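K.L.:
next one to model:
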Amino acid sequence: MGGSPIALLVMIIGSFVLSIGLQNDTVLAQTAVEYTLNYTVNRNAVPQVPFNDLTLLIDVGSDATDIEATGDSTTIPTLYDQQSGTVLITTSASQLQLKITSSSRDSAFGTVEKAALLHNKQWAWSHGFDDNVNFGPSMDLWEAKGWAGSINLIGELVSDTRDEPWIVDQANAIRRLNKGWSLAGHGWKSDCSDTNIEAIEQVYGLLDTLVSHTDSNRPGYFPTGFAAPCFIADYHPLVLAMRDAGNTTIQFNESGDTYMMVVDPGATSVPTGAYQFKSQLLDYDAPIGRDLRIDFGTFEEVKSAIDWAANNSNASTHIWYNTGGHGNHETSHAPVLNYIYDTYGPGGTDEVWVAPSDHIYSYLLVRDNSQVTLDSIDGGENPPPESDPTATSTSTHTLTPTSTATQTLIPTSTQTPTSTPVSTLNPTSTLPPTLVPTDIFTETPIPTATQTGTGNQGCGELLNGDFESGLASWENSSGSFITPGRIENGISVQSGSVSQRVSAQPGEDFQLALYYKVSGETIDSWFGFGIDYLANSSEISEISYQVTELEDEFVRVDLTGTTPPNTTDISVWMFSMSENTFVLDDLDLSWMSCEPEQIPTPTPTSTVVPTTVPGEPTATPVATGTVAPTATIEATATVDPNPPANEYMIFLPSMIR
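P.N.:
Numbering: from 1, shown residues only. Sure, this is the predicted structure:
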């Protein structure tokens, strides 16, 4: 967690231990003895990654002197902490040799630990820029701190001849690459319509061309990341298939809103608090979430996420916080960078590792797939007998550096009137082929204990559905704001989603009633509302209502459904990626019957035949009484009538990404 603002070169925090076979005896030398410890770092099981660095902590006792390390016959910087008796080494070498002089040797002598994060940092932060344009000034701010991030490129917009400062084309991409920035794909087209492997391969071919250009001086580097355009969930299985096929170097996908990753091996839970539902355990088959509030959120909102990551990281929990954004937001980015640098970076506790996401991902793959073996200890008397190394993962003591460091270890990261028409919907939900993180929230605390998402705790209440308390209890991950509604307040949904998580149980019938109106010249894009069925933080399925007609007066709509098996929560959401004025008010969630002590698991019911399109929910309007509904919903089809898993939409003045 964040400590006092004392500049330290390296914060030595506990990591997980790789225990090498030792004996219990302590050998006390009468005089100082020179020892040579020989290690092998086997990376044969590590997937293809551009960064092979691994940070090791080696126990050499509290009276070591004359410390020298070489890796593959090349000198390696070391950092010795006398209090813990540990030497820190970061290396990409396969053969490691550590020479020390010591007058004592206990049973832990030579034990090696693989640090949870590079340089044994306490937590990590990465940032990526999307869509090629207007983020040069922000990139300059990163570089001024000695940091770098990722450039997520739309392939068709990259020119091999244009060299203008407002856009990252071939020449500019190579210049930034040479300054430590990483390159990643963000689709080939600029309209989020290329959800196919061929398009991703095409953009990866472009990235390879940039990296291999004669002006590039990043030998050994290659791209491994992908940022899903418009956060569309359908990209993720494509990325996994490409990763497994190995025809490209792609390794991971950034999408969704679980942007706080607990990266410790063997971790079984995430920290509680404001960002509990934005957190996930590291899963190499899941997407890496992205927090976009660094562009449009207030400084205090972004600061709360930064502080949560820092304050919940400790000897056994290391958090990776991943953010994303676009150009023309340097005035928002500058105070964030200054705060991180001065509080948790080199100007403060120096506990955070700031690097491109592919560097952090590479480190984790190397850490979890490499083997470190103590081959021998030469020198002194009665060396421990050879034994088979046994790897275990446990958390260890906290280490504190002292003034006895033998060499300086420099971090290498550049690293919303009266009688109104009614439309009643009886949707069904089909299980999607993959589980995708959902619900784009900000840090607003969960309002009541019944809505903490602990699972099967009864059916919760939707709070502040009339918006008379502003946006209290709602998670606003958009440009939405309070506006005049049916009677008093309503909400105008713009540029993203507004949502609220409510506890639920499987097999419970419910009805969501709300009012909306839409103004504008034409319907220019997708907007509507719906409910996600969640199993803890993973989406099982969803129902949604797409608004397709302008409505000058408020129209009432009722969504009815039954929660499917395994439901622990639902998320009520409103979403817009349109320039229309979309106002909603008086949302009311009613449970037909819900007994907290019962945990039924029936199959979801519906009066509609399920769609045959895998993973797509259906919703058919049914008129009530004699009044024809004025609100309509489009039938589910393969042309994406639903929002992209109600995740973030990414905007530019001239395009939506």
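K.L.:
which parts of the stretch 451-600 of the chain are strands?
P.N.:
For the stretch 451-600 of the chain, the strands defined by DSSP state E, counting those that start in this stretch cover 475-477, 481-484, 489-492, 496-503, 509-519, 527-535, 538-546, 551-562, 569-576, 581-591.
K.L.:
by contact count, what packs against the shortest one?
P.N.:
Meaning strand 475-477. Strand 475-477 sits against strand 496-503, with contacts defined as 3 or more Cβ pairs under 8 Å, 6 or more residues apart in numbering; DSSP states H and E. For every residue, glycine as well, the C-beta is placed using N, CA and C.
K.L.:
ok, and what's touching whichever helix or strand residue 366 is part of?
P.N.:
Element membership for residue 366 (DSSP states H and E) is helix 357-369. Outside helix 357-369, the residues that touch it by Cβ atoms under 8 Å, 6 or more residues apart in numbering are 43, 45-47, 49-54, 114-118, 124, 126, 128, 149-150, 182, 184, 223-225, 251-252, 254, 263, 265, 282, 284, 288, 320, 322, 353, 413, 415.
K.L.:
now that helix: mean pLDDT?
P.N.:
Mean pLDDT, computed over helix 357-369, is 98.
K.L.:
for it, which positions count as buried?
P.N.:
357-368 (16 or more other Cβ atoms under 10 Å).
K.L.:
then stretch 247-254?
P.N.:
248-254.
K.L.:
quick one, what contacts residue 196?
P.N.:
Contact partners of residue 196, counting by Cβ under 8 Å, 6+ apart, are residue 238.
K.L.:
skipping its backbone neighbours, what lies nearest residue 260 in space?
P.N.:
Nearest residue to residue 260 in three dimensions, chain neighbours excluded: residue 279, at 4.1 Å (Cβ to Cβ, 6 or more residues apart in numbering).
K.L.:
gap between the one you found and residue 500?
P.N.:
Here the criterion is Cβ to Cβ, to the nearest Å. By it, residue 279 lies 19 Å from residue 500.
K.L.:
compare those two (neighbour count), which wins?
P.N.:
Neighbour totals were compared for residue 279 and residue 500, and residue 500 leads with 26 against 23 (other Cβ atoms under 10 Å).
K.L.:
can you give me the end-to-end span of stretch 69-88?
P.N.:
10 Å (Cα to Cα, to the nearest Å).
K.L.:
repeat that for stretch 270-283.
P.N.:
End-to-end for stretch 270-283, by Cα to Cα: 13 Å.
K.L.:
may I see the buried residues of it?
P.N.:
Result for stretch 270-283 [16+ other Cβ under 10 Å]: buried residues 270-271, 274-280, 282.
K.L.:
and for stretch 106-113?
P.N.:
In stretch 106-113, counting by 16+ other Cβ under 10 Å, buried: 106, 108-113.
K.L.:
repeat for stretch 205-218
P.N.:
Buried residues in stretch 205-218, counted by 16+ other Cβ under 10 Å: 206-207, 210-211, 213, 216, 218.
K.L.:
got the contact list for that stretch?
P.N.:
Contacts for stretch 205-218 (Cβ under 8 Å, 6+ apart): 153, 155, 158, 170-171, 173-174, 177-178, 183-185, 221-223.
K.L.:
now a PyMOL select for only the buried ones of those.
P.N.:
Per 16+ other Cβ under 10 Å, the buried members of the contacts of stretch 205-218 correspond to this PyMOL selection:
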select buried, resi 153+155+158+170+171+173+174+177+183+184+185+221+222+223
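K.L.:
among the contacts of stretch 205-218, which two are most distant?
P.N.:
Spatial extent of the contacts of stretch 205-218 (Cβ to Cβ) is set by the pair 155 and 178 at 20.6 Å.
K.L.:
what about residue 163, neighbour count?
P.N.:
Residue 163 has 12 neighbours, counted by other Cβ under 10 Å.
K.L.:
my guess is it meets residue 172, correct?
P.N.:
Yes: Residue 163 lies in contact with residue 172 (Cβ atoms under 8 Å); the separation is 6.6 Å.
K.L.:
and the pLDDT at residue 534?
P.N.:
On the pLDDT scale, residue 534 is placed at 87.
K.L.:
which one is residue 234 nearest to, not counting chain neighbours?
P.N.:
In this structure, residue 234 finds its nearest non-sequential neighbour in residue 195, 4.5 Å apart by Cβ to Cβ, 6+ apart.
K.L.:
meant to ask about residue 171
P.N.:
Using Cβ to Cβ, 6+ apart and skipping the chain neighbours, the partner closest in space to residue 171 is residue 163 (4.1 Å).
K.L.:
report the contact partners of the one you found.
P.N.:
Counting by Cβ under 8 Å, 6+ apart, residue 163 has contacts 169-172.
K.L.:
just the ones of those residues in strands?
P.N.:
Of the positions in the contacts of residue 163, not one sits in strands, assigned by DSSP state E.
K.L.:
what's the most distant pair in those?
P.N.:
Across the contacts of residue 163, the longest distance by Cβ to Cβ is 7.5 Å; it joins 170 and 172.
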